[in-house]
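Asker: Sequence and predicted model, in that order:
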Amino acid sequence: MSAVREKILERPETPDFACLRADFPILNQQVHGKPLVYLDNAATTQKPAEVIEAERRYYLEYNSNTHRGVHTLADRATEAYEGAREKVRGFINAAHINEIVFVRGTTEAINLVAHCFGRAFLREGDEIIVSEMEHHSNIVPWQLACEQHGAVLKVVPIDDAGEFEFENYDRLFTPRTRLVAVTHVSNALGTITPARRIVERAHAAGVPVLLDGAQAVAHGRVDVQYLDCDFYAFSGHKIYAPTGIGVLYGKSEWLERLPPYQGGGQMIRTVSFEKTEYAPSPQKYEAGTAHIAGAIGLGVALDYVSRTGLDAIASHEAGLLDYATQRAREIGGLRVIGTAKEKAGILSFVLDGVHPHDIATILDHHGVAVRAGHHCAMPVMQRYEVPATARASFALYNNRADADALVEAIRAAKEMFKR
Amino acid sequence: MSDLRDLYQEVIFDHYKHPRNFHRIEGADRVAEGYNPLCGDTIKVFLKVENGIVADVGFEGCGCAISTASASLMTEAVKGRTVAEAERLFGEFHAMITDPKEPAHHDLGKLEVLCGVKEFPTRVKCATLAWHTLHNALEGKAEPVSTE
């Protein structure tokens, strides 16, 4: 293993990534008199200039409501909005464009499925499986659905490293299991779950699977047909796109069968007071005026990521995470929380005698932006018996110098608390 | 620009590493729990009030340097004071770290080491958690801690 690690450490960073940093204007600033080192990418990523420009151009040149408009601007807006949908389809390799629903973000995507699936299929005594490392947004919607329909939530435990315990997952299935909802990458630990195997196991029992891809899409190739998942949810803002736009992928067979989410304009075929007929997917799930500028921005962001290459990004970030982890571990009293074999972009840690909130304040004064807290994954904190962790998370524009600045700032925090 | 040293003063470190009155009070007649959902800090404040005077006070919990030191300093500040005085201290302390119009000079004794928090708006909740919890305990009906 050390041979592999050394090989990664020795590999020089490709010059491409050094250049890419200039595409993100916000990174070129000082915080508390120090160059900004942005390592809070799991919360939200920064946006390349071309994404910001695409949103701006939409409002400057062709802002209009989509669909049904006969005039030129409406036509342009519709084309750009539907063009973004096609880009999303291609990006995650969905089979059909009608399998791509625009939503506000991962949270809304999961709520949509929990609400609609629950209404159609959940009965008293039915069971939903989630894992112990879910973000609250992949727990609470299911609790709400369970409460409403009398169903029960079952939880797959994780081990000390933060790995998904597959054997325990296997044992949770009963004839009453109706759906599995698990994360693709844990936001608090960085663990990459064995998503394809998870889906395979569920399908063997005839159970559909939703994957929470919020922390996955920006860090590695996602192919929903390869994964064979029934639903896949992600947010635009964690993949260099604006906030307020996200995606729910659902297999056609499910999106055709589920009832609508919200009622309103856009989602209908005909309306009368006697009977309303719904539009087919995806319009059925997109009531009201969409975040058109956001969708267009998302399309441009996905182009940017595709152009850079997801395999190259994954390899760049893996090298960086490995380097940062190794350097952080040299700090006495530092404990990495989440040591799964397969990880993506996240270094969660605690430091003896220094609370994560104090770490974050001190790091901020060194220009280093990290997050401290429970990361909306309180069950994970309970699992590791820590009140909170500090979390550094990487993106394609980060480099070794960022990791060095992080480590130096942690050392400074430790030094400050030593007295 | 705010300076880290204004926030993390020696007294803060001392009270963080060696919190005073860091224990439950046997026979406490008032107890309240505080929780900061943003950072996961928890605190439990125990009070024994006799003839309107805070005869004894203690706390338990888990928090950052600012919240722990603030809780520790608070227990020292209110012990032996009347309930009304303790509430008045809370008001003045709160003003010191949140009110921009508040003058730099106070009459809060040791509590003044926390005035640097004013320059760190994200940490105000850390410094006030213990006080809010104390306030709830003072307001709350007598609850024997043994039933918990």
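Answerer: Right, received. Where do you want to start?
Asker: and A:Y58, what are its phi and psi?
Answerer: Torsion angles at A:Y58 (phi, psi; degrees, to the nearest 10) stand at phi -60, psi -50.
Asker: which secondary structure element contains the nearest residue to it once chain neighbours are set aside?
Answerer: Spatial nearest neighbour of A:Y58, chain neighbours left out: A:A293 (4.6 Å); criterion: CB to CB, 6 or more residues apart in numbering or on different chains. Where C-beta positions appear, they are placed from N, C-alpha and C, glycine not excepted. Assessed by DSSP states H and E, A:A293 sits inside helix A:292-308.
Asker: ok, and the closest non-adjacent residue to the residue in the stretch 51-200 of chain A positioned nearest to chain B?
Answerer: Residue of the stretch 51-200 of chain A nearest chain B, by CB to the nearest CB: A:H136 (10.9 Å). In space, A:H136 comes closest to A:C376 once its chain neighbours are excluded; the distance is 4.4 Å by CB to CB, 6+ apart.
Asker: Pull the contacting residues for the one you found.
Answerer: Residues counted as contacts of A:C376 (CB atoms under 8 Å, 6 or more residues apart in numbering or on different chains) are A:H135, A:H136, A:S137, A:N187.
Asker: re the thing from before, in the helix holding A:A293, what's buried?
Answerer: Using 16 or more other CB atoms under 10 Å in any protein chain shown as the burial criterion, the residues of helix A:292-308 that qualify are A:292-305, A:308.
Asker: how much distance is there from it to the middle of the chain?
Answerer: Relative to the chain's own centre, helix A:292-308 is displaced by 15 Å; criterion: CA atoms, centre = their mean, to the nearest Å.
Asker: likewise stretch A:63-73?
Answerer: The answer for stretch A:63-73 is 31 Å, by CA atoms, centre = their mean.
Asker: Would you mind naming what in chain A lies close to chain B?
Answerer: A:32-33, A:353-358, A:361-362, A:365, A:372-374, A:378, A:381, A:387-388, A:416-417, A:419 (CB under 8 Å from any CB of the partner chain).
Asker: For chain B, what is the nearest residue in the stretch 251-400 of chain A?
Answerer: Closest to chain B within the stretch 251-400 of chain A is A:H355: 3.6 Å, counting by CB to the nearest CB.
Asker: and that residue, how many neighbours?
Answerer: Look at A:H355: counted by other CB atoms under 10 Å in any protein chain shown, it has 27 neighbours.
Asker: Which positions in chain B make contact with chain A?
Answerer: Checking chain B against chain A by CB under 8 Å from any CB, the hits are B:1, B:4, B:7-8, B:10, B:13, B:17, B:38-42, B:62-66, B:68, B:120, B:122-123, B:126.
Asker: mind listing which of these are in strands?
Answerer: Of the residues of chain B next to chain A, the ones assigned to strands by DSSP state E are B:D41, B:T42, B:C62.
Asker: Hmm, B:S67 and the first one touching each other?
Answerer: Yes - using CB atoms under 8 Å, B:D41 and B:S67 qualify as a contacting pair, with a distance of 5.1 Å.
Asker: okay, and the common contacts of these two?
Answerer: Common contacts of B:D41 and B:S67 (CB under 8 Å, 6+ apart): B:C126, B:L129.
Asker: shaky segments in chain B?
Answerer: Chain B contains residues with pLDDT under 70 at B:1-2, B:102-106, B:141-148.
Asker: cutoff 80 now
Answerer: Within chain B, the ranges that satisfy pLDDT under 80 run B:1-2, B:37-40, B:100-107, B:140-148.
Asker: Spell out the residue ranges of the helices in it.
Answerer: B:4-7, B:10-17, B:65-78, B:83-98, B:124-139 (DSSP state H).
Asker: With distance to A:A312 and mean neighbour count as new columns, can the ones you listed be given to me in CSV?
Answerer: Shown next, in CSV, are those (distance: least, CB to CB, whole Å; neighbours: other CB atoms under 10 Å in any protein chain shown):
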stretch, distance to A:A312, mean neighbour count
helix B:4-7, 38, 16
helix B:10-17, 45, 18
helix B:65-78, 41, 25
helix B:83-98, 48, 17
helix B:124-139, 41, 22
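Asker: can you redo these as TSV with distance to A:F166?
Answerer: Formatted as TSV, the helices of chain B follow (distance: least, CB to CB, whole Å):
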stretch	distance to A:F166
helix B:4-7	45
helix B:10-17	42
helix B:65-78	40
helix B:83-98	50
helix B:124-139	40
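Asker: Let me know the angle separating the helix or strand encompassing A:A314 from helix A:292-308.
Answerer: Take DSSP H and E as the rule and A:A314 turns out to sit in helix A:310-329. Calculated by axes from the mean of the first three to the mean of the last three CA atoms, to 10 degrees, helix A:310-329 forms an angle of 80 degrees with helix A:292-308.
Asker: Show the average pLDDT along the helix or strand just after helix A:310-329.
Answerer: Later in the chain than helix A:310-329, the nearest helix or strand by DSSP H and E is strand A:334-337. For strand A:334-337, the mean pLDDT works out to 98.
Asker: How far off centre is the helix or strand just after strand A:334-337?
Answerer: Going down the chain from strand A:334-337, the next helix or strand is strand A:346-351, by DSSP H and E. The chain centre lies 19 Å from the centre of strand A:346-351; the measure is CA atoms, centre = their mean.
Asker: Remind me what strand A:346-351 packs against, helices and strands.
Answerer: helix A:310-329, strand A:334-337, strand A:389-393, helix A:400-418 (3 or more CB pairs under 8 Å, 6 or more residues apart in numbering or on different chains; DSSP states H and E).
Asker: about what we covered before: of the helices of chain B, which approaches A:E147 most closely?
Answerer: Across these, A:E147 has its closest neighbour in helix B:124-139 (29.1 Å, CB to CB).
Asker: to the chain's geometric centre, what's the distance from the helix holding A:A314?
Answerer: Worked out by CA atoms, centre = their mean, helix A:310-329 lies 18 Å from the chain centre.
Asker: show me where pLDDT drops low in chain A?
Answerer: By pLDDT under 80, the low-scoring segments of chain A are A:1-16, A:68-69, A:419.
Asker: make it 50
Answerer: A:1-13, A:15 (pLDDT under 50).
Asker: Near the nearest residue to A:F173 once chain neighbours are set aside, how many other residues are there?
Answerer: Counting by CB to CB, 6+ apart, A:F173 lies nearest to A:A205, which is 5.0 Å off, once chain neighbours are set aside. Look at A:A205: counted by other CB under 10 Å, it has 12 neighbours.
Asker: One more: the one 5 residues further on?
Answerer: Using other CB under 10 Å, A:L210 has 30 other residues around it.
Asker: ok, now A:A318?
Answerer: 18.
Asker: now A:Q382
Answerer: Other residues lying near A:Q382 total 12 when counted by other CB under 10 Å.
Asker: That one is in what secondary structure piece?
Answerer: helix A:378-384.
Asker: And for that helix, what's in contact with it?
Answerer: Contacts for helix A:378-384 (CB under 8 Å, 6+ apart): A:132-134, A:136, A:139, A:155, A:158, A:162, A:186, A:188-189, A:337, A:374, A:387-389, B:40.
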